[in-house]
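> no sequence on this one, just coordinates:
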């Protein structure tokens with residue numbers, strides 16, 4: 001998969017995608033993440049990418065010309081079939097959406113800054129808007145990295161043991177079951193006996209029951 005990130009701060013994206021599993025995925029060419037800076041597509045000496053909003057109000061708005069030019073410059077390397085704006089007003093990202101997006105060959109992620117982007121970007125360029133939650137950040141770079149990280153886990157070869165992906169929270173629709181490791185006892189707290197006795201059928205049932213219990217307690221909406 002190729003992901004082109006349109007951002008004013010490429011160093012944020014590059015610093016994260018060079019390490020850990022994302023770094024491994026890019027090194028093995030399972031994933032390509034490239035950054036394009038809208039400032040490189042401005043025509044004034046100040047490389048201006050924002051301006052005051054029509055109608056007045058606080059803050060600045062990202063101009064449409066640099067964003068259109070930045071995305072359209074990628075035509076030779078990206079199909080532009082998916083141009084995603086990371087936005088608080090977008091559809092909330094969930095595991096089902098992550099699985100869907102992970103099947104794509106390529107996509108463009110636009111990271112907004114300031115008070116947002118000129119609405120004409122959404123009208124004439126963006127194919128969908130995504131949000132990672134009901135809160136506001138200073139820019140779209142962190143949401144873009146959340147999406148990239150989540151999708152990378154769905155790509156064969158990125159995570160060494162696929163079973164660890166299948167047991168992630170939300171992968172099968174439930175929250176993840178409790179996990180334990182050594183020592184068996186710590187400050188009076190014991191690892192459940194069923195996990196120490198080695199009966200795999202009992203362990204599988206316990207894990208499923210615990211996943212259901214936690215989902216019922218903490219995210220009953222998932223059971224619907």
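Sure, I can see it. Because the structure is a prediction, the values reported are computed rather than measured.

> can I assume residue 173 is in contact with residue 222?
Yes. Between residue 173 and residue 222 there is a contact under CB atoms under 8 Å: 6.3 Å. Backbone N, C-alpha and C define where each C-beta goes, glycine included.

> just want to know which of those two has more residues nearby.
Neighbours were counted for residue 173 and for residue 222 using other CB atoms under 10 Å; residue 222 has more, 15 against 12.

> what sits closest to residue 210 if chain neighbours are left out?
Leaving aside its sequence neighbours, residue 210 sits nearest to residue 177 (CB to CB, 6 or more residues apart in numbering; 4.3 Å).

> I'd guessed the one you found sits against residue 208; true?
Yes. Using CB under 8 Å, residue 177 is in contact with residue 208, at 7.4 Å.

> give me the more crowded residue out of the two.
residue 177 (19 against 13).

> which residues does that one contact?
Counting by CB atoms under 8 Å, 6 or more residues apart in numbering, residue 177 makes contact with 167, 206, 207, 208, 210, 211, 214.

> now list the buried members of those residues.
When the contacts of residue 177 are checked for burial by 16 or more other CB atoms under 10 Å, the buried set is 206, 207, 210, 211, 214.

> correct me if wrong: the third one contacts residue 180.
No. With contacts counted by CB under 8 Å, residue 210 stays clear of residue 180, the gap being 11.1 Å.

> what about the residue minimising distance to the centre of the chain, distance to residue 97?
Of all residues in the chain, the one closest to the mean position by CA atoms, centre = their mean is residue 147, 1.0 Å from it. Computed as CB to CB, to the nearest Å, the residue 147 to residue 97 distance reads 9 Å.

> okay, and the common contacts of the two?
Common contacts of residue 147 and residue 97 (CB under 8 Å, 6+ apart): residue 130.

> hang on, the earlier thing: check which helices and strands the helix or strand harbouring the residue nearest to the centre of the chain is in contact with.
Here residue 147 is covered by helix 141-152, with elements defined by DSSP states H and E. Under the contact definition 3 or more CB pairs under 8 Å, 6 or more residues apart in numbering; DSSP states H and E, helix 141-152 sits against strand 2-6, helix 10-17, helix 20-27, strand 83-92, helix 95-101, strand 106-111, strand 128-131.

> mind putting the ones you listed in JSON lines, mean neighbour count, mean pLDDT and distance to residue 218 included?
Conversion of the helices and strands packed on helix 141-152 to JSON lines gives the following (neighbours: other CB atoms under 10 Å; pLDDT from 0 to 100; distance: least, CB to CB, whole Å):
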{"stretch": "strand 2-6", "mean neighbour count": "23", "mean pLDDT": "98", "distance to residue 218": "31"}
{"stretch": "helix 10-17", "mean neighbour count": "16", "mean pLDDT": "97", "distance to residue 218": "28"}
{"stretch": "helix 20-27", "mean neighbour count": "16", "mean pLDDT": "92", "distance to residue 218": "26"}
{"stretch": "strand 83-92", "mean neighbour count": "18", "mean pLDDT": "95", "distance to residue 218": "17"}
{"stretch": "helix 95-101", "mean neighbour count": "15", "mean pLDDT": "95", "distance to residue 218": "16"}
{"stretch": "strand 106-111", "mean neighbour count": "24", "mean pLDDT": "98", "distance to residue 218": "30"}
{"stretch": "strand 128-131", "mean neighbour count": "18", "mean pLDDT": "98", "distance to residue 218": "21"}
